[in-house]
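**Student:** This is the structure alone, sequence omitted:
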């Protein structure tokens, strides 16, 4: 089975740095995605980690430790527009069916305040 | 604009109605998905179609019936729903991952907000 945990809500100040953690226990693992979802909008891709370590992309970075079942999303220089839900999603081992069936966490609602 | 279009964006229906949700992707992908998003719950995978064949059905009630006539279109037919089926239904697509050439990143539509009275 799959179990993914992330905080329900977080609040941070504009210009600051925030780290959103995600822990997972899964029966098979290939990689981990982070998605951003603004209220009333589609989830959009932020990052993908397969190997251990940090992936940096502008103000956003994502870290993965496969041995610890742990990932985090780091947002720097927070802006008001970063207020959204951040979804952690585990990609299982490939089953040969041509697609992956991701398992999502409940999401972390981030509020950025002035 | 994500390249995945869902209609209608909002739907209100009674428990005895029959309605359908439609999804169209313009990305040239060959896998399509239906997810259910309820408040305070994780996104739940309902159906997957890869190369136009359904590859998994996660024990979704039979009152939900998917249809995938081609790789660009996906439908979710709804009949005799229950109030607890009220949720946001998200369609997504991805490129085939056979051979490890693609990551399997999902591209989502903006969803159809369903209310069952």
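**Tutor:** Arrived safely, thanks for sending. The structure displayed is predicted, hence computed values, not measured ones. Numbering: from 1, shown residues only, chains lettered A, B, ... in the order given.
**Student:** So what does residue A:81 look like in phi/psi?
**Tutor:** With angles defined as degrees, to the nearest 10, residue A:81 sits at phi -70, psi -10.
**Student:** Check residue B:83 too.
**Tutor:** Main-chain dihedrals, residue B:83, degrees, to the nearest 10: phi -60, psi -30.
**Student:** and what of residue B:3?
**Tutor:** Torsion angles, degrees, to the nearest 10, at residue B:3: phi 90, psi 0.
**Student:** Setting aside sequence neighbours, what's the nearest residue to it?
**Tutor:** Nearest residue to residue B:3, sequence neighbours excluded (CB to CB, 6 or more residues apart in numbering or on different chains): residue B:27, at 4.3 Å. For the C-beta atoms, the positions are set from N, CA and C on the backbone; glycine is no exception.
**Student:** just residue B:37 next, same as before
**Tutor:** residue B:88 (4.3 Å).
**Student:** Write out the residues of chain B neighbouring chain A.
**Tutor:** Contacts of chain B with chain A, taken as CB under 8 Å from any CB of the partner chain, map to B:2, B:4, B:30-31, B:33, B:40-43, B:45, B:48, B:50-51, B:55-56, B:90, B:94, B:96-98, B:100, B:103-111.
**Student:** Go again with 6 Å.
**Tutor:** Counting by CB under 6 Å from any CB of the partner chain, the residues of chain B lying close to chain A are B:2, B:31, B:42-43, B:45, B:48, B:50-51, B:55, B:96, B:98, B:103-105, B:108-110.
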